[in-house]
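A.B. asks: Next come a sequence and a model predicted from it.
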Amino acid sequence: MRTLITNGTIVNADATTTGDVLVDGEQVALIGTDLGASVSADTTIDASGKWVIPGAIDVHTHMELPFGGTFAKDTFETGTRAAAFGGTTTIIDFAVQPRGKSLRQGLDAWHAKADGKATVDYGFHMIISDVRDDVLAEMDTLVDEGVPTFKLFTAYPGVFFSDDGAIFRAMQQTARNGGLIMMHAENGLAIDVVAGQTFAAGNTDPYYHGVSRSPVLEGEATNRVIRLAQAAGAPVYIVHLSARHALDEVRRARDEGLPAYAETCPQYLFLTLDDLGNGFEGAKYVCSPPLRPADHAPELWKGLVHDDLQVVSTDHCPFDFHGQKEMGRGDFRKVPNGLPGVENRVDLMHDGGVVGGQLTPNRWVELISTAPARLFGLPRKGAVAVGGDADLVVYDPNRRHTISAATHHMDVDYSCYEGREVQGGADVVLSRGKVIVEGEAWLGAAGDGRFLKRERSAYLR
Ligand SMILES: [Zn+2]
């Protein structure tokens, strides 16, 4: 099966060219001009006036994550289909080590959720719930098996929380085995004190989830884990950075030459603490770290421009408002934490970043696809390149559409961006050479996505 994509503007992180892309089987076989004159193809896609970009990569999703007595609603099938409609052709999800059990048991459980269901390629990070000698040894095995990234938390005491000693030991292990520690950096112990006091004072609405989690406590934890990593001689990656206090710490570390990396998410760029107001409706916006006051987002945009933030992911973790978010009525601490977003990232970043004049098209591609591929060990993804996987998006940078729960493909009953008009949208999406999205038509299939054995980070070599 050969597909020829003609006359597109090919936007990579490092260059923009005009021409044709020939896909042969699962790979990009040839890039050039007027290829139609010299090669034959089974199908031709006219990309005149459109961009051809590498399929986007979302390195932070939580399909079917158990949280607070319920499960994130999207399965690997519904979640990856929604991702594809939004131009994302690879996700990396977080497998969870059950406390007291092995990493292997957690990994097996996530393979069972994804195998035969995922519609696009996927990899796993491993959440380490308790650091033990046998778990440290298992980390080496996982790195060799293509799961070279591990997430630990300074937040959620009693659930995912690890103390500094445990985090330090895990970092020492990755300093030896070439893995990468990803950190949820908020001071969860102090946050729980404030949240308890806030609730006891009669403040029960979702808004108080936001005010209980001070950005200062994100900055503190970010600095702490960066310094732990420095002492351990290991790199560190901060997930879902939301606060300028935390960005200041990452920037300082990078200015010192430390291998410190960080991602942010669209919710921290486009939404604010005010969205948590409006009574219990604010539950739709409960996530951790929380949405911040409006003065943080402009700093995060600067971080994206200056490469103090290298990646934009979603932290996609959808819970229905009805029946799930409602579990926290009367106590903001019981609202399941997480927002839907896997479908919206590419368009939001195009609209706010490129159309908004803050990012070049190349930098946009770098943030949503190329840097994630390089940082997370996917050398065949993240670029429109001969020999690479034909994960490609024909992107219309001019099409305007309105985000709404009525039309999105995520299996969740609301949208955080309801009614927001954005410019830019995926017209045709290919996953390893197969067209899986064509306008509103779904041509993909459950089980077509493959598990990706990832390499060690290319940024750390
Ligand atoms: Zn997350």
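C.D. replies: Perfect, thanks for sending it.
A.B. asks: give me the element Ala229 is part of.
C.D. replies: Using DSSP states H and E, Ala229 maps to helix 215-232.
A.B. asks: which residues touch whichever helix or strand comes after that helix?
C.D. replies: Per DSSP H and E, helix 215-232 leads on to strand 236-238 as the next helix or strand towards the C-terminus. By C-beta atoms under 8 Å, 6 or more residues apart in numbering, the surrounding residues in contact with strand 236-238 are 149, 171, 180-183, 185, 222, 225-226, 228-229, 246, 250, 259-263, 375. C-beta: built from backbone N, CA, C; applies to glycine.
A.B. asks: strand partners of strand 236-238, parallel vs antiparallel please.
C.D. replies: Strand 236-238 has its sheet partners listed here by DSSP bridges as strand 180-184 (parallel), strand 260-264 (parallel).
A.B. asks: need these in a markdown table with mean neighbour count, can you?
C.D. replies: Output for these, formatted as a markdown table (neighbours: other C-beta atoms under 10 Å):
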| stretch | mean neighbour count |
| --- | --- |
| strand 180-184 | 26 |
| strand 260-264 | 26 |
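A.B. asks: right, and those strands - which one's nearest Thr78?
C.D. replies: strand 260-264 (23.5 Å; C-beta to C-beta).
A.B. asks: now the angle from the closest one to helix 215-232?
C.D. replies: Per axes from the mean of the first three to the mean of the last three C-alpha atoms, to 10 degrees, the angle that strand 260-264 makes with helix 215-232 is 150 degrees.
A.B. asks: Which of the strands paired with strand 236-238 sits closest to Gly8?
C.D. replies: That would be, of the strands paired with strand 236-238 and by C-beta to C-beta, strand 260-264, which comes in at 28.2 Å.
A.B. asks: Show the subsequent helix or strand relative to that closest one.
C.D. replies: Using DSSP H and E, the helix or strand that follows strand 260-264 in sequence is helix 266-270.
A.B. asks: Which residue is the nearest non-sequential neighbour of Asp140?
C.D. replies: Asn177 (4.8 Å; C-beta to C-beta, 6 or more residues apart in numbering).
A.B. asks: how about that neighbour, what does it touch?
C.D. replies: Contacts of Asn177 by C-beta under 8 Å, 6+ apart are Met139, Asp140, Val143.
A.B. asks: Residues in a beta bridge with Ser431, which ones?
C.D. replies: Residues in a beta bridge with Ser431, per DSSP bridges, are Lys434.
A.B. asks: cool, and Ile5?
C.D. replies: Val21, Ile45.
A.B. asks: isn't it right next to Val394, touching?
C.D. replies: Yes: with contact defined as C-beta atoms under 8 Å, Ile5 counts as touching Val394 (6.5 Å).
A.B. asks: So for these two, which sits in the more crowded spot?
C.D. replies: The residue with more neighbours, out of Ile5 and Val394, is Ile5; 28 against 23, by other C-beta atoms under 10 Å.
A.B. asks: Next one: that one, what pLDDT does it get?
C.D. replies: Ile5 carries a pLDDT value of 98.
A.B. asks: same check, this time on Leu460
C.D. replies: At Leu460, pLDDT is 75.
A.B. asks: Which residue is the nearest non-sequential neighbour of it?
C.D. replies: Leu460's closest residue in space is Pro235 (C-beta to C-beta, 6+ apart), at 5.3 Å.
A.B. asks: For the one you found, give me its contacts.
C.D. replies: Under the criterion of C-beta under 8 Å, 6+ apart, the contact list for Pro235 reads Thr174, Leu180, Ile181, Ala229, Pro259, Ala260, Tyr261, Ser457, Tyr459, Leu460.
A.B. asks: and the helix-or-strand element of the chain with minimal mean pLDDT, how far from the chain's centre?
C.D. replies: Ranked by mean pLDDT, DSSP states H and E, the weakest helix or strand in the chain is strand 66-67, scoring a mean of 88. Computed by C-alpha atoms, centre = their mean, to the nearest Å, the chain-centroid distance of strand 66-67 equals 18 Å.
A.B. asks: How about stretch 141-160?
C.D. replies: For stretch 141-160, the distance to the chain centre is 16 Å (C-alpha atoms, centre = their mean).
A.B. asks: Then stretch 48-61?
C.D. replies: Centre-to-centre, stretch 48-61 and its host chain are 13 Å apart (C-alpha atoms, centre = their mean).
A.B. asks: can you check stretch 389-400 too?
C.D. replies: Centre-to-centre, stretch 389-400 and its host chain are 19 Å apart (C-alpha atoms, centre = their mean).
A.B. asks: If you count neighbours, what's buried in that stretch?
C.D. replies: Buried positions in stretch 389-400, judged by neighbour count with 16 or more other C-beta atoms under 10 Å: Asp389, Ala390, Asp391, Leu392, Val393, Val394, Tyr395, Asp396, Pro397.
A.B. asks: Before I go, just wanted to say thanks for your time.
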